[in-house]
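Undergrad: take this sequence and fold it.
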Amino acid sequence: MTTVDQPTALLPGDVRMPLLGFGTWQATGQAGYEAVLAALDAGYRHIDTATMYGNEEEVGRAIRESGLRREDIFITTKLPPERVGRERATIEASLRALGTDHVDLWLVHWPPSAPSDSLPVWREMLAARAENLARAVGVSNYSVAQIDELIQATEDNPAVNQIRWSPSLYDRQVHAAHRDRGIVLEGYSPFKTSDLSDPVLSRIAAAHGVSPAQVVLRWHIDHEIVVIPKSVTPDRIRANADVFGFSLTAAEMRDIDALGG
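TA: Just a heads-up that it's a prediction; the model follows:
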């Protein structure tokens, strides 16, 4: 499966972000390298890492050794909020570790602990984008109110907000607020907060001949929400990538949305 075959979200600057990504939190060392290589082999074309994961070198090595072209892989990394004032040095270190001259998306991993740092950090993110170190920039774990502060001050909307998301956390208003601002919603930990034995998920999975986990991933994709499941198990990595052979009906989507009730 190539990037062309996968559904994408359109970010500012005509940047296409695959809706299915591979999360690498806790995937470190040789196991992390092998997991990313397995993910690329299974068809993932979007890899999510972060400075604080301590695995950018392994991610970069797997990408180089995959035989795939750099432009066919979407790479996200993240700035730890304690690096306030050292943003430029942090992105340069990430690029060195990843072995690339740019990332496709750079996120502020969490809002800085001092609210007064929020705007200076965001301006540094925008500067990195202007210098082509990142094709797009965004945030993670931000509330809509925190995002609005950035927009009001700079008139530059984050391209993405990566937050914890799953059917049981579904919030129509949060979803709509991002859409209204032209911000792509990206969900992490799709299974951690999901009850995969829920009868609604089991029924819909049986109807499509897939697993409840695959239903959860497809639900994100059909909502045009980016999702980044993580695993270091090759079989699970492959199963999580195998979500493009079916789609959910409007009624099924409504039933899953209602789990967030």
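Undergrad: where does the stretch 151-261 of the chain dip in pLDDT?
TA: Within the stretch 151-261 of the chain, not a single segment meets pLDDT under 70.
Undergrad: quick one, helices of it?
TA: For the stretch 151-261 of the chain, applying DSSP state H, counting those that start in this stretch gives helices covering 172-180, 199-208, 212-222, 234-241, 250-257.
Undergrad: got the angle between the first one and helix 250-257?
TA: I take that to be helix 172-180. Inter-element angle recorded for helix 172-180 and helix 250-257: 120 degrees (by axes from the mean of the first three to the mean of the last three CA atoms, to 10 degrees).
Undergrad: cool, the third one as well?
TA: Going by the same axes, to 10 degrees, helix 212-222 is angled at 110 degrees with respect to helix 250-257.
Undergrad: so what touches helix 212-222?
TA: The contact list for helix 212-222 (CB atoms under 8 Å, 6 or more residues apart in numbering) reads 7, 19-20, 165-167, 187, 190-191, 194, 196-198, 201-202, 204-205, 208, 210, 226-227, 229, 239-240, 242-243, 246-248, 253, 256. C-beta coordinates here come from the backbone N, C-alpha and C atoms, glycine included.
Undergrad: also the second one?
TA: The contact list for helix 199-208, computed with CB under 8 Å, 6+ apart, reads 167, 194-195, 211-212, 214-216, 246, 248, 252, 255-256, 258-259.
Undergrad: would you mark the buried spots in it?
TA: For helix 199-208, the neighbour count (16 or more other CB atoms under 10 Å) marks V200, L201, I204, A205, H208 as buried.
Undergrad: report the separation between the fourth one and G13.
TA: For A205, the distance to G13 equals 37 Å [CB to CB, to the nearest Å].
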